[in-house]
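Enquirer: fold the following, please.
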Amino acid sequence: MNQKTDEILQKIGEKALKESVVQVSWNNPDKKSSEKGEKHRGTGFFVDRDLVVTNLHCVAGASSMIAKLISRNAEFPVEGVVATDIENDLVILKVVGRGKPLPIADSDTVQIDHVLTAIGHPGDEQSEITNVKIQDIRHKMNRFVVKGSFKPGYSGGPLLNTQGELIGIVVVIGTNLMHFIGGTTLSNGFSIPANTLSLLLENKGDVSTFEEWQINPHIQGYIQFIQGQQYMSNGKHTEAKKCFDDAIDLYPQLVNAYVNRSILFIFSDESEQALIDCNTAIKLNPEYLEAYINRAVANLQLDKYKETIKDCDYVINNNPNMVQAYILRATVLMHIDKKKAAEKDYDKALQINPDSLEIYLSRAGVRYCSKDYAGAIKDYDEIIKRDSQFSSTFGIYTSRGEAKYELGDYEGALEDIEIVIESDPNNISAYSLRAYTKIQIGITTANSGDKSGSRKYYKEAIEDLNVFLRTKTKDHTAYKTRAHTKYRLGKINADLGNNASSRAFYREAIEDYNAAIATGPKCVDSYYYRALTNRYLEQYQDAIIDFDKVTELNTKHFNGHFQRGLVKRYFGKTKANQGDAEGAIKIYQQAIDDYTEGIKLKPKHHTSFNNRAFAKYYLGNIQKKQGNMTDVIRHYQSAIEDYTEAIQLHPTYSLAIEKKALIHYLMGQIELDQGNIENANEHFQATITDCDEHIRINPKKPSYDVRLRRGNAQAAQGNYDISIEDYNKAIGIKPNNARAYYDRGIAYQNIGMPDESSADINKAKELNPDIENKTD
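Expert: Next up, the predicted model:
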């Protein structure tokens, strides 16, 4: 507001207080309507030498009144009433004595953003002057809406322009609207235009005493209505409803009574009754926008979203500055998942009322749901900047922390959560959120290469979850999260070579997974990760049981099939090492079946083809020891097909290329033993081709096995000179591995270099005395 204008209005207000503005009070403070025993009822002002105007609700129910000019300590007993306008909450009183009337201006000249001064008596012997700005002009409803709200006691006071002329009469009364719609508190201040008062003055009549005046059923109805509003504002809904019922019986055309009663029906979830009242109010006054708003709320309760939006649209079309309609429509749009449209409505609401923290909060919620976390954070920042108490009450730091978490700003999220815990150490949920945040910081730290450093965050996360679970002893998610964290610590310690610590964390993780399953017996994740943990503990049978449960609960759980296949492959190898060939064959076949199921779910998953090939390779190896060469060839050939498919899906898949080269070499040996020279050479050449490809795609990662394998394939074809080059490379990579020396010694022997051959074979025996009995 302009400083010069403020100064002018201040002087005008002071002058009016000295000459024209009075405090109107009841002379019967013991009446029920004055529940707090307050004599003071409101403000009034002279409009003629012996006429004072005030709000009807300040007078209704009084048996006698007095007007007092505080500046002169002059009292003006009220003789009676000369005019009443129930619809506009105005009454003109005849007083004993004489005062100075305020000049009345043409209120049609007022425009939005005009600055005026309001004068009131918010307390006994207390006067105030408040400069306000016109926020909205509602011609059809015959009122000005001011920005902000007035204190109780301003009712009936004048609203003056810079010429000291009356522009409006202040009304401080129940809003006739739901007081909290979509997260915003509504203003309780408006003004009746001065032109309405001028018309009432023209039609004033003879003086009626209070007793005569209040006999009128309409006045009696209005008294009940005012009493109902007072009850409602004090939360006494039963008493309020009875008053509104009585008001309607006495004055069936009293629109406000229907609108206010609709609020009570909404509060009590009697939405259909609320609709009836709103429809009646609209029938009596089709321009009464508050009735449309309340009807929209009732329809929202009934999930009638189209009807709700229709009422909001009507209100906005008739009053584009009625913020409640935008907020309510935004609420509906969120219900029907139109988040962007909801956000636009909140944007508009904030343009109208930029000081409403509740609207910022609601918009932040929309942005969060829309995954516009940065936008939500901006709104939370604005709230925190403006009002720390509001931020504390509505958990803004927690909400901002969650938004930062979703945005990946885990350090920022941690700062906000620390503030929450510092201010409220008993906020158990904050410990849970801090745990999740520290887990993410731990993951980020580990991924950056600092696995050792990540352990600090994981351990702190476990401590926070311990705090949370001491109170929330049945929280399935917390048990599962703590188990996951211990599982991660187990893996990290294993990677760092701390095997004893690793196994201890794995065992603790299993205990938490047990608790998670006890509190959530159908949680697939809990079974899945317990199975993985059992796998790392080499408890393969327990792992298989859990993976069975995973695939039972979710037959299309790809990783359940994939990991079960992997565990069965390991278990099969254990069986084979224990000499249980038949048991191993059975387990390997089950592993193959699992990989086949996984491939059905993900036909292009190259690792599944690779792992199925592994299982077939191991199956072939066992049957090779049993002499079942037909089955060996079948499994090896099938493994080659799987490796080929894996490579087609992932052309630089080094592991598959290397293993395919190995199996081609083994197939070549089998064909050679069976006298099939041509077939053998085809396999040896395939081995060389695969090894060439592996070397090509890994120029900076030379492989000992690949060089050895290519050397063996060259030697098998009689290319000893070439094979020696590969053996040289292999020895350069692993100078203490006996196999390359031994195989090079044999190659030297075959090209007539006995000294070199003897030296290599002796070196091989020195490194591994049993080398001559070792075969692939």
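Enquirer: quick check: domain ranges of the protein?
Expert: In the domain annotation for the chain, the residue ranges read 1-210, 652-776 (automatic domain parsing).
Enquirer: need the contact list for Asp594.
Expert: Listed by C-beta atoms under 8 Å, 6 or more residues apart in numbering, the contact set of Asp594 reads His561, Phe562, Arg564, Gly565, Lys568. C-betas here are computed from N, CA, C, even on glycine.
Enquirer: could the domains of the chain be laid out in TSV, adding distance to Ala349, mean neighbour count and mean pLDDT?
Expert: TSV is the format used below for these (distance: least, C-beta to C-beta, whole Å; neighbours: other C-beta atoms under 10 Å; pLDDT from 0 to 100):
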stretch	distance to Ala349	mean neighbour count	mean pLDDT
domain 1-210	7	19	84
domain 652-776	56	18	95
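Enquirer: can I get those in JSON lines with distance to Lys283?
Expert: What follows is the domains of the chain, written out as JSON lines (distance: least, C-beta to C-beta, whole Å):
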{"stretch": "domain 1-210", "distance to Lys283": "15"}
{"stretch": "domain 652-776", "distance to Lys283": "76"}
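Enquirer: for Tyr617, find the nearest of these.
Expert: Distance to Tyr617, taken as C-beta to C-beta, is lowest for domain 652-776 among the domains of the chain, at 6.1 Å.
Enquirer: how about Val171, secondary structure?
Expert: Following DSSP: H, G, I helix; E, B strand; the rest coil, Val171 is assigned to strand.
Enquirer: hang on, the earlier thing: which of the domains of the chain sits closest to Tyr528?
Expert: Nearest of the domains of the chain (C-beta to C-beta): domain 652-776, 24.4 Å.
Enquirer: against Glu582, how distant is the nearest residue to Thr574 once chain neighbours are set aside?
Expert: In this structure, Thr574 finds its nearest non-sequential neighbour in Tyr540, 6.8 Å apart by C-beta to C-beta, 6 or more residues apart in numbering. Look at Tyr540 and Glu582: by C-beta to C-beta, to the nearest Å, they are 17 Å apart.
Enquirer: more neighbours: these two, which one.
Expert: Tyr540 (21 against 10; other C-beta atoms under 10 Å).
Enquirer: so who does the more buried one touch?
Expert: Applying C-beta under 8 Å, 6+ apart, the residues near Tyr540 are Asn534, Val567, Lys568, Tyr570, Phe571, Thr574.
Enquirer: tell me the phi and psi of it?
Expert: Tyr540 adopts backbone torsions of phi -70, psi -40, taken as degrees, to the nearest 10.
Enquirer: drop anything exposed from the contacts of Tyr540.
Expert: Among these, the ones that count as buried by 16 or more other C-beta atoms under 10 Å are Asn534, Val567, Lys568, Phe571.
Enquirer: tell me the pLDDT of the second one.
Expert: This means Val567. On pLDDT, Val567 comes in at 97.
Enquirer: try the one 5 residues further on
Expert: According to the per-residue confidence, Gly572 scores 95 in pLDDT.
Enquirer: the helix or strand containing it: how far from the chain's middle?
Expert: In this assignment (DSSP states H and E), Gly572 forms part of helix 558-577. Centroid separation for helix 558-577 versus its chain: 40 Å, with C-alpha atoms, centre = their mean, to the nearest Å.
Enquirer: swap in stretch 518-525?
Expert: 24 Å.
Enquirer: buried ones in it, by neighbour count?
Expert: Under the neighbour-count criterion of 16+ other C-beta under 10 Å, stretch 518-525 has Thr519, Gly520, Cys523, Val524 buried.
Enquirer: from Ser526, how far off is the second one?
Expert: In this structure, Gly520 and Ser526 are separated by 6 Å, where distance is defined by C-beta to C-beta.
Enquirer: got any residues that touch both of the two?
Expert: Joint contacts of Gly520 and Ser526 (C-beta under 8 Å, 6+ apart) are His476, Lys480.
Enquirer: touching stretch 11-21 from outside, list them.
Expert: Residues contacting stretch 11-21 (C-beta under 8 Å, 6+ apart): 43-46, 69-72, 99-102, 117, 119, 121, 127, 129, 157-158, 160, 162, 164.
Enquirer: can I get it as PDB, trimmed to CA atoms?
Expert: C-alpha atoms of stretch 11-21 as PDB (Å, rounded to 0.1, in the frame of the first residue of the first chain):
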ATOM      1  CA  LYS A  11      -6.300  10.700   9.600                       C
ATOM      2  CA  ILE A  12      -9.700  10.100   8.200                       C
ATOM      3  CA  GLY A  13     -10.200   7.100  10.500                       C
ATOM      4  CA  GLU A  14      -9.200   9.100  13.500                       C
ATOM      5  CA  LYS A  15     -11.600  11.900  12.600                       C
ATOM      6  CA  ALA A  16     -14.400   9.400  12.100                       C
ATOM      7  CA  LEU A  17     -13.700   7.800  15.500                       C
ATOM      8  CA  LYS A  18     -14.000  11.100  17.200                       C
ATOM      9  CA  GLU A  19     -17.200  12.200  15.500                       C
ATOM     10  CA  SER A  20     -19.200   9.300  14.000                       C
ATOM     11  CA  VAL A  21     -18.100   5.800  14.800                       C
END
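Enquirer: what's the first helix or strand after the helix holding Gly572?
Expert: Downstream of helix 558-577, the next assigned helix or strand under DSSP H and E is helix 581-601.
Enquirer: return the distance of that following helix from the chain's centre.
Expert: Here the centre of helix 581-601 is set off from its chain's centre by 43 Å, with C-alpha atoms, centre = their mean.
Enquirer: quick one, it and helix 558-577 angle?
Expert: The directions of helix 581-601 and helix 558-577 differ by 160 degrees, with axes from the mean of the first three to the mean of the last three C-alpha atoms, to 10 degrees as the criterion.
Enquirer: wait, a helix at Gly99?
Expert: No. Counting by three-state DSSP, Gly99 is not part of a helix but coil.
Enquirer: for it, what are its contacts?
Expert: Contacts of Gly99 (C-beta under 8 Å, 6+ apart): Glu19, Ser20, Val22, Phe46, Arg49, Asp50, Val52, Leu69, Phe76.
Enquirer: strands along the chain, start to end?
Expert: With DSSP state E as the criterion, the chain has strands at 21-26, 40-48, 51-55, 65-69, 74-85, 90-95, 115-123, 126-138, 143-146, 158-160, 166-172, 180-181, 184-185, 189-193.
Enquirer: picking that back up, ok, the residue nearest to Thr574 to Ala531 distance?
Expert: 10 Å.
Enquirer: go on, Ile336?
Expert: Distance from Ile336 to Ala531, counting by C-beta to C-beta: 41 Å.
Enquirer: the more surrounded of those two?
Expert: The neighbour count for Ile336 versus Ala531, taken as other C-beta under 10 Å, is higher for Ala531 (26 against 13).
Enquirer: wait, the more buried one sits on Val567?
Expert: Yes. Counting by C-beta atoms under 8 Å, Val567 is a contact partner of Ala531 at 7.3 Å.
Enquirer: now do the shared contacts for these two.
Expert: Residues touching both Ala531 and Val567 (C-beta under 8 Å, 6+ apart): Ala543, Ile544, Phe547.
Enquirer: need the overlap of contacts for Tyr540 and Ala531.
Expert: Common neighbours of Tyr540 and Ala531, counting by C-beta under 8 Å, 6+ apart, are Val567.
Enquirer: and Asp249, how many neighbours?
Expert: Close neighbours of Asp249, defined as other C-beta under 10 Å, add up to 13.
Enquirer: now it: closest residue in space, sequence neighbours ignored.
Expert: Gly221 is the one closest to Asp249 (C-beta to C-beta, 6+ apart), at 7.5 Å.
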